[in-house]
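Asks: I need the structure of the sequence given here:
(2 chains)
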Protein chains: 2
Amino acid sequence: MARYARIKNTGKPKVVIIGGGFAGLELVKSLGHADVQVILIDKQNYHTFQPLMYQVATAAIDAESIMHPFRKVFEDQQNFFFRLAEVECVNTQEQLVETNIGLIRYDYLVIATGATTNYFGDKQMEQNALSMKSVEDANCLRNTILGNFENSLQLDDHEQLNSLMDYVIVGGGPTGVELAGALSELRKHVFPKDYPELDFKSMDIHLIQSGGELLKGMSKEASLKSQQFLEEMGVQIWLNRRVKSYDGYTVTLDNGETLISRTLIWAAGVTGNPVQGLKPESLLKGNRLQVDAYNRVVGYENVFAIGDIAAMVTPENQQGHPMLAQPAMQQGELLGKNLVRLFKGETLQPFVYKDQGSMATIGRNKAVADLKLFKKELKSQGFFAWLIWMFIHLVSIIGFRNRLAVMTNWCWNYFTYNSGNRLIVGKKQENIPITETISHKAVI
Amino acid sequence: MARYARIKNTGKPKVVIIGGGFAGLELVKSLGHADVQVILIDKQNYHTFQPLMYQVATAAIDAESIMHPFRKVFEDQQNFFFRLAEVECVNTQEQLVETNIGLIRYDYLVIATGATTNYFGDKQMEQNALSMKSVEDANCLRNTILGNFENSLQLDDHEQLNSLMDYVIVGGGPTGVELAGALSELRKHVFPKDYPELDFKSMDIHLIQSGGELLKGMSKEASLKSQQFLEEMGVQIWLNRRVKSYDGYTVTLDNGETLISRTLIWAAGVTGNPVQGLKPESLLKGNRLQVDAYNRVVGYENVFAIGDIAAMVTPENQQGHPMLAQPAMQQGELLGKNLVRLFKGETLQPFVYKDQGSMATIGRNKAVADLKLFKKELKSQGFFAWLIWMFIHLVSIIGFRNRLAVMTNWCWNYFTYNSGNRLIVGKKQENIPITETISHKAVI
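Replies: I've put the predicted structure just below:
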């Protein structure tokens, strides 16, 4: 028996959006004054500002500063309705979304479900590695790091100590680079103050990258400089190396070399997070939905996809746009305008990606930035890039309150060399109980 | 086989403190320059500023603002050692504390394990009620409240709606009064903005108090005024009533009347939280340890107890001191000084409680305060008391960073009428699945 979720019927066309990430959020905003009923469905009641998640994981800022409850963000938007629900599948025949709170009818459906960690089918890795796709993940990583040091105090076996104090980060993209940098800063300025009984000279941070350079999407200068910065900060970089297996203790690389670490952070790739119920032919390699220039899912009239989940494949661009915040936000904004045009019978405007550049921060006063401003390219590495990075991230955070919280924390951390609240609260990862570890000496 | 926890041996007398609440924290501070090794054991790596926990539960401030990692608080104190561990029992014969990380030897043992919620043996209540003794509890309450409203959107049955939207708070002490007030403010200013689809006129807040007045320990004026404030704010107060039973849905009072609510908050009493292994005769009614005027546990030479767990019973005071932050902090501070005197062979100073008064805040511009300053009594209710309450709580929070965070949030909330981050993240209480509830009409 079909049960409908209760949502007030405003009599307006229903635009149902699945997922409140960057794309979904911009779309809701863009429909602010549209004569429609906007229904956002998300399994959380908040939007996460993902670019600063690594700072939550490294105890630099509070998790709550990068979380924005949807109801608060849109409390003044009259046409906005939110439902906390998990989507089970979509039924495009009947124009229904099936959720755990019942069926939700749509006139226009927008899939903005983003991406999830890609373990490339490696179940053992999925079970043993930590990832960075949600605030819960970030908190879990923070708890694990701090818990590792608490446990280290009870050990004197050299290998056992290394297994707790060494970190392996897989993936040399922005997340991997930023995490490696932040951990290295903590090793230098913070951890030795918290744990005077431990010797942090023996704490190693390994960054493993399958390709020949870090930050692959960025300029040669940015790649090289980020590598130099990290090496100066004592991060061990392994280029052209892949991880073959990880059992929660021994990391085996593709050339047979091994590293010992109980904490491997997997930042080596993402894959689309599609919903059930769409035609299989809409789904491309990488689990992304093929969309046309108006973000309409190929084969449908009234189903759209935006953000990471959407692949706008053209003869010139076989990959679709990069899975980043910028194209997601731009697509969300344009789709809002296009939907209004659609209702008015006007011509839709095709999506053109305006790449404003990219950047990554490595540490204190150290960042790399490739900016595209007013059709000019500006490449910067070091202090100036770091200032730009901070400025852009601060203005991007939603809400004055959270912006103030992050800014206060940054200033505090900068001047005191004593970052945030190093709390162990909630879940942490424990792959193998320390007492049960089989001592097998590492090759390296 | 006995296994010892690894702690650097400084060769100094070992003062082992179990528990880092107000009493334990003040003791560590007080021993800052003492020629001893201070070892603090706690099952969390942070101190909690309990008086503001109800504000975390009501989404006014972030949880992290009232949590202070011990290692950070004492990072400049050379004689301080922290161990994250759970105490299993103490062995006073061998002068050992048995913990999950191994045995810890002491020369002086201080038990500062505080108090825990007292359900007076009612197992059903313990299972179904929410309590407010930890940050996890406070977070769980916040998640439950917000989750209730999300669920309410899916219901139209009147009783079912009430079961989710009505709250029952048991206990008219500071926690109960402050929670009732905060919920009432949210009902007036915040929830209707977040949930325009719900009718908050039908949200009831019940406060049940076994005695004839609220805030029993305070002056007649404070009791009456707090009651008046709460009644003006629409809180339903039940004086001289006890809860007979609660099955997660129906609250049955001692006179047979019933209330319907899925959320009952139990703030009706605390009981000592003693460690195993002490002589049974040390333990008084209420699970508190009997101590002499120097906080020495009766029957021991080198075992002390401070804070809520300690009952300094005298012919004049059969109850011991009130289980509050003030006596706990004063005992911690004095014990630190007395231990130094003990090492020097000087005469110890007996504890004399300096009651500086008590206060509770009810809402915006509304608090009650009975202060004892310079031997004068100052009673105040309303705006001035509210200012004093804020000032005293702000200066009591440890660390400039957290103080700033709380102050910023308060200012923000005051001027915008839009309190903090209303996030649902982590655990929430679900007594009975909504679909399974048996509809039985409430008497009231």
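
Asks: per-residue confidence for residue A:430?
Replies: For residue A:430, the pLDDT comes out at 76.

Asks: So it: helix, strand or coil?
Replies: At residue A:430 the chain is in coil, as set by DSSP: H, G, I helix; E, B strand; the rest coil.

Asks: residues contacting it?
Replies: By C-beta atoms under 8 Å, 6 or more residues apart in numbering or on different chains, the contact set of residue A:430 is A:144, A:147. Where C-beta positions appear, they are placed from N, C-alpha and C, glycine not excepted.

Asks: With the one 3 residues further on instead?
Replies: When the contact criterion is C-beta under 8 Å, 6+ apart, residue A:433 has no partners at all.

Asks: Read off the pLDDT value for it.
Replies: With respect to pLDDT, residue A:433 scores 73.

Asks: What of residue A:273?
Replies: Looking at residue A:273, its pLDDT is 95.

Asks: Ok, the one 10 residues further on next?
Replies: The pLDDT attached to residue A:283 in the predicted structure is 95.

Asks: for residue A:437, same thing?
Replies: Looking at residue A:437, its pLDDT is 53.

Asks: And residue A:338, how far from chain B?
Replies: As for residue A:338, its distance to chain B is 28 Å (criterion: C-beta to the nearest C-beta, to the nearest Å).

Asks: Am I right that that residue is in contact with residue A:349?
Replies: Yes: counting by C-beta atoms under 8 Å, residue A:349 is a contact partner of residue A:338 at 6.2 Å.

Asks: Tell me how far residue A:341 lies from residue A:69.
Replies: According to C-beta to C-beta, to the nearest Å, residue A:341 stands 31 Å off from residue A:69.

Asks: Likewise for residue A:423?
Replies: Separation of residue A:423 from residue A:69 (C-beta to C-beta): 22 Å.

Asks: and residue A:341 and residue A:69? which has more neighbours close in?
Replies: Between residue A:341 and residue A:69, counted using other C-beta atoms under 10 Å in any protein chain shown, residue A:69 has the larger neighbour count: 22 against 14.

Asks: For that one, which residues are in contact?
Replies: Going by C-beta under 8 Å, 6+ apart, residue A:69 touches A:45-46, B:194, B:421-423.

Asks: Now do it against residue B:51, distance only.
Replies: Distance from residue A:69 to residue B:51, by C-beta to C-beta: 25 Å.

Asks: same deal with residue A:381?
Replies: Relative to residue B:51, residue A:381 is positioned 48 Å away (C-beta to C-beta).

Asks: again, but for residue A:358
Replies: Residue A:358 is 46 Å from residue B:51, where distance means C-beta to C-beta.

Asks: cool, residue A:108 as well?
Replies: Counting by C-beta to C-beta, the gap from residue A:108 to residue B:51 is 50 Å.

Asks: Where does the residue lying closest to residue A:350 once chain neighbours are set aside sit: helix, strand or coil?
Replies: Spatial nearest neighbour of residue A:350, excluding adjacent residues (C-beta to C-beta, 6 or more residues apart in numbering or on different chains): residue A:293 at 3.6 Å. Using three-state DSSP, the structure places residue A:293 in coil.

Asks: what's the spacing between residue A:293 and residue B:140?
Replies: For residue A:293, the distance to residue B:140 - C-beta to C-beta - is 47 Å.

Asks: Around the spatially closest residue to residue A:262 that is not a sequence neighbour, count how many other residues there are.
Replies: Setting aside the residues directly before and after it, residue A:262 is nearest to residue A:163 in space (C-beta to C-beta, 6+ apart), at 4.9 Å. When counting by other C-beta under 10 Å, one arrives at 27 neighbours for residue A:163.

Asks: Just read off the phi/psi values of residue A:213.
Replies: phi -150, psi 160 (degrees, to the nearest 10).
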